[in-house]
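[1] Provide a 3D model corresponding to the input given below.
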Amino acid sequence: MSWPMRSMVILLLAACAACGFHLRGELPLPVEMQQTYLDYRGSDTDVRRVLARILGKNGVTVVRSRGEATAILRILRATVEQEVISKNIDGRPTEYRITAKWSIRLSLADGSRSGEILTAEQDTVLSLDPTDPLGARVARDEAASDLRKRVARQVLERLAATGLPAAAD
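    Predicted coordinates for the structure are as follows:
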């Protein structure tokens, strides 16, 4: 590699580091979450699947019963809402705002400690072709799926930042 090319690579790496860019790696989740039970009673089956997947990628084992768990992650609210924000002259929707909102609380399985309720929200605006209702439906479903992943990541980032309160002596 030539000297000018090497200098350019070093300059780009320095710029990336200076702006705070970093690859997504494992989050430093509370050690108590090693064996986590997901307590979710909602109807959106994708919530449990998305959360279990991202927890697994971060070194957490999602267990099937409370008895196996060291921690319980309660999903208190998990919604995906779609709102029409513009229509064409025929009254067909052309833009939607899709919003995912979650509220969660982490506690030890023995009930001795509980964290605060953490909330996360992500939204996107989607412009669609009103003459292609099937394509619009697929696009809305894909956007909702992407939002679930983004809000799950946001929830885990907040868990990593706050953790559980210290044990009382």
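[2] where are the low-confidence patches of the protein?
    Within the chain, the segments meeting pLDDT under 70 span 1-25, 167-169.
[3] one more time with 90, if that's ok
    Along the chain, segments meeting pLDDT under 90 span 1-28, 30-31, 45, 90-93, 111-115, 128-137, 162-169.
[4] now the strands for it?
    Assigned by DSSP state E, the chain shows strands spanning 35-39, 61-63, 71-87, 93-108, 118-127.
[5] Tell me which of the ones you listed lies nearest to Pro165.
    Smallest distance to Pro165 across the strands of the chain (Cβ to Cβ): 10.3 Å, for strand 93-108. Yep, even glycine has a C-beta here, placed from its N, CA and C like the rest.
[6] out of all of them, which helix in the chain is the longest?
    If you go by DSSP state H, the chain has its longest helix at helix 133-162.
[7] Run the angle between it and strand 93-108 for me.
    Orientation check (axes from the mean of the first three to the mean of the last three Cα atoms, to 10 degrees): helix 133-162 against strand 93-108 gives 30 degrees.
[8] Against which helices or strands is helix 133-162 packed?
    Applying 3 or more Cβ pairs under 8 Å, 6 or more residues apart in numbering; DSSP states H and E, one finds that helix 133-162 contacts helix 45-57, strand 71-87, strand 93-108, strand 118-127.
[9] For the spatially most central residue of the chain, give me its contacts.
    By Cα atoms, centre = their mean, the mean C-alpha position of the chain lies nearest to Ala152, the distance being 1.7 Å. Ala152 makes contacts with Val50, Leu51, Ile54, Trp102, as judged by Cβ atoms under 8 Å, 6 or more residues apart in numbering.
[10] Also Leu159?
    Residues near Leu159 by Cβ under 8 Å, 6+ apart: Leu27, Leu29, Pro30, Met33, Ile104, Leu106, Gly115, Leu118.
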